[in-house]
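Enquirer: sequence and predicted model, in that order:
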Amino acid sequence: MENKDPVQHNCDHYDGHRYKDMKHRKYGDKEVDVCIVGVGASGGVLVYELSKAGLDVVAIEAGPFWNPQSDFASDELHSYSLAWQDTRLSDGKDAIKFGHNNSGRGVGGGTVHFTAVFYRFHENDFRVKSTDGVAEDWPISYYDLEPYYQKIENDIKVSGPKELPWGTFRGPYPYPVREPISANSQIFREGCEILGVRSSVVPLAILSAPYDGRPPCTNRGFCNEGCMPNAKFTTLIQHVPKAIQHGAEILTDSMVTRLLTDKNGKVTAVEFVHDGQLYRQKAKVVIVSAFSVESPRLLLNSATSQYPYGLANRSGLVGKNLMVHSGHDVFAKFNEEIRLYKGTPVMAYTQEFYASEPSRGFVRGYTLNAHGNRPVALAKNLAVDGGYWGKGLRDVMLDFNFYAQVSLVGEVLPREDNFISLSNEKDEYGLPRPLINFSYSENDNKLIKDAVQKANDILSARGGKPAFVIPDSGHVMGTCRMGLDPEKSVVNSFCQSHDIPNLFICDSSVFVTSSGCNPTETVMAIAARTADYLIDKMRQGPI
Amino acid sequence: MSHYSHYPDYDVLSLINEWDDHTKEIVLKRLGPFPEPQFLEEKEVKMLRLIAKHLCYENRDDIIDWIIYFLDQRLKSNIGEHQRKSSLPQEKILIREGLKATDEATAQKYGKNFISAEIKEQFEILSSMQQGKAPMIPRWDSILQKELFDKLLDIMISAYYSHPTIWSEIGYGGPAYPRGYYRIELGWTDPWEPRRPGADKK
């Protein structure tokens, strides 16, 4: 029996229209106000906000326009097809794994398979150099983003606690906190309490009550595999359908291969490939929001004689300062069944170790999330990253239900040695494959060690027996950092290129530092702020 | 090989009528029958079946059939492999050349090919590959043995733990759409979930 893709996807979408070819374009040869490259967490917010403001917008996405009911399934192996599977060359001492753990493909991008953990950054996350004397400060403060954090939380009805013990924002969230919490989260909170460590239920972009035609969560637990009931927020189901109603045109299964510039050095159009055919979309403004690997890759690949090192790259920093979060998974075995597969994967956390603490011997900190898991992900990580196989692996997996898991989200400091560049190898579009180089620094490694110890302390306090630690990472950030100085950053505080005023880069690649928590809410808040700025500027005249 | 399970009475497939059609279709395909391999050659399949038995600690042929089918489909397709070290060849070359290397290394040490080697000898070869210490042969210059081992492990383990028989044995509740889970607190189970014999019905 051949595995068949059950769905034929359309590639051109606008209000009342859906086509399988590019012959019925809404904008076609017309120059639009804004063209957005990549429709993920950031691109989804941008296309929604800009089209709502009445601008003519085309958004182009490399992957399909997913239909949760027929494309998603309650199955891990199947869900890998929702990720960016194209081969990326990945080197370095701590070479990054790509795909399902960090990169989406298709409308919704990573929001399709994220855990929907929705944290705001803390004030000091924007001032790392001032507070700790390392890395750089952001050109914006927490307070510049605060109204946008609030807006995003409201737009998608984040479910969260009435009160939070950490950060500037202490709650309440628009929707009630999720309850009950899963056994794994319960165990974690009990362990924290025994040690006197404050913990909380997690703010989640998953509904605790109905909203906008979407039902509350059923604790099916397949957030990472694609939410079928639509209880979990994605830009696929929340922002993009509304953007289409507001007049946006979404092109899917279309890979943008190059940005075009004119003799004045401004961006004029994007080139994209659909079904082997090359097309162009002219635009007054182009926003690249294609992920911290694909955004710099596109800028580097768009080099011209005027911009021999790629677009927006006067500083030479396009692709540099690549960061991840250290994401080690810590497991302990219990005498009782925890059943990691049940419920929303992350429902409890602590940020008690978030801020720098001189006695620890490293700067910055981390979040510990109680984290659910499933057989394939667990066995695969145990095997490839933990060295287990054969009988050893089989024995661990037979006790699958007796393990509890805590995962860290650790701050990783930016370093120019960690970067993405273009390789000599070509992909199916003839584009150079990205080559990524990544290694942890000494500070990063000390932080990981401390976090693993704390996670084990928490699980042990509750009666767990430390079992294994699997090295992992999550989220990619920082390859087109924002800043005030055009020699030391790629974009300004509104994500606008220092070099090319009608080119914006807006996704996690503009992050100056990584923070020690899940980044999606900050990505979306930055996108909403960029949209506001752009709407205002475009009303005043050409950019 | 031991197939001890905490949940001897549990069969995840008995719940299949509660699953959505897409999930049902995907999972049922793992039970076979499977078409002939399209990428892998006969000798490669023979070797890979033996390797899968070692890596997964599994002897049941129907489960190995699924693993080989999955591997063959993956190697046949041109969809990417997420990431690869720049010094390594594409996975289809890594595996094809890697199997030749495995055979040569076995011959070097035991004077016979991998298929004819004793189970214990096969195990020794695979173990040494994981540690990068397999008998030296020229082909290891272009095929990194640990990377080969990890690649096979990654693909085979993914397939193995996607098989519903294995889900039943480890007590994985499995797909839960549309019905979801309601009793998620510690010590509680939904009535249809796997329970250990004699466990409290909470």
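Expert: Nice, thanks for sending it over.
Enquirer: which ones are touching the nearest residue to residue A:435 once chain neighbours are set aside?
Expert: Counting by Cβ to Cβ, 6 or more residues apart in numbering or on different chains, residue A:423 is the residue found nearest to residue A:435 once chain neighbours are left out, at 3.9 Å. Just so you know, the C-beta spots here come from the backbone N, C-alpha and C atoms, and that holds for glycine as well. By Cβ atoms under 8 Å, 6 or more residues apart in numbering or on different chains, the residues touching residue A:423 are A:89, A:432, A:433, A:434, A:435, B:86.
Enquirer: please name the nearest non-neighbouring residue to residue 18.
Expert: Here I'm looking at chain A. Closest to residue A:18 by Cβ to Cβ, 6+ apart is residue A:10, at 4.3 Å.
Enquirer: right idea, wrong chain: chain B
Expert: residue B:179 (5.6 Å).
Enquirer: that neighbour and residue A:182, how far apart?
Expert: Applying Cβ to Cβ, to the nearest Å, the value for residue B:179 to residue A:182 is 17 Å.
Enquirer: more crowded one of the two?
Expert: More crowded of residue B:179 and residue A:182, by other Cβ atoms under 10 Å in any protein chain shown: residue A:182, with 28 against 15.
Enquirer: residue ranges in the stretch 251-400 of chain A under the pLDDT threshold?
Expert: Along the stretch 251-400 of chain A, the model assigns pLDDT under 70 to no residue.
Enquirer: which stretches of it form helices?
Expert: A:294-301, A:375-380, A:390-398 (DSSP state H, counting those that start in this stretch).
Enquirer: in what helix or strand does the residue nearest the centre of chain B lie?
Expert: Nearest to the geometric centre of chain B sits residue B:156, at 2.6 Å (Cα atoms, centre = their mean). If you go by DSSP states H and E, residue B:156 is part of helix B:145-160.
Enquirer: packing partners for that helix?
Expert: Helix B:145-160 is packed against helix A:375-380, helix B:42-56, helix B:61-76, helix B:91-110, helix B:119-130, with contacts defined by 3 or more Cβ pairs under 8 Å, 6 or more residues apart in numbering or on different chains; DSSP states H and E.
Enquirer: and the contacts of the helix or strand just after it?
Expert: As assigned by DSSP H and E, the chain's next helix or strand after helix B:145-160 is helix B:164-170. The list of residues contacting helix B:164-170 from outside it, by Cβ under 8 Å, 6+ apart, reads A:375, A:397-398, A:400-401, B:3, B:5, B:7, B:10-13, B:27, B:30-31, B:60, B:63, B:160-161, B:174, B:194.
Enquirer: the spatially closest residue to residue A:209 that is not a sequence neighbour and residue A:237, how far apart?
Expert: Take residue A:209 and drop its neighbours on the chain: the residue closest to it by Cβ to Cβ, 6+ apart is residue A:216, 5.3 Å away. In this view, residue A:216 and residue A:237 are 15 Å apart by Cβ to Cβ.
Enquirer: check residue A:488 too.
Expert: From residue A:488 over to residue A:237 (counting by Cβ to Cβ), the distance is 39 Å.
Enquirer: re earlier: wasn't the residue nearest to residue A:435 part of a helix?
Expert: No: looking at residue A:423 with DSSP: H, G, I helix; E, B strand; the rest coil, it is strand, so not inside a helix.
Enquirer: returning to what we had before: so which of residue A:488 and residue A:237 has more stuff around it?
Expert: residue A:237 (23 against 13).
Enquirer: helix/strand/coil for the more buried one?
Expert: coil.
Enquirer: quick one: contacts for it?
Expert: Contacts of residue A:237 (Cβ under 8 Å, 6+ apart): A:68, A:108, A:214, A:230.
Enquirer: one step back: the residue nearest to residue A:209: what's it in contact with?
Expert: Counted by Cβ under 8 Å, 6+ apart, residue A:216 has contacts A:207, A:208, A:209, A:210, A:231.
Enquirer: which pLDDT value does the model give it?
Expert: For residue A:216, the model assigns a pLDDT of 97.
Enquirer: that one should be in a helix, yeah?
Expert: No: looking at residue A:216 with three-state DSSP, it is coil, so not inside a helix.
Enquirer: and it, how far from chain B?
Expert: According to Cβ to the nearest Cβ, to the nearest Å, residue A:216 stands 10 Å off from chain B.
Enquirer: how about low-confidence regions in chain B?
Expert: B:1-3, B:201.
Enquirer: in it, what residue comes closest to chain A?
Expert: Here the residue of chain B nearest chain A is residue B:180; by Cβ to the nearest Cβ that distance is 2.6 Å.
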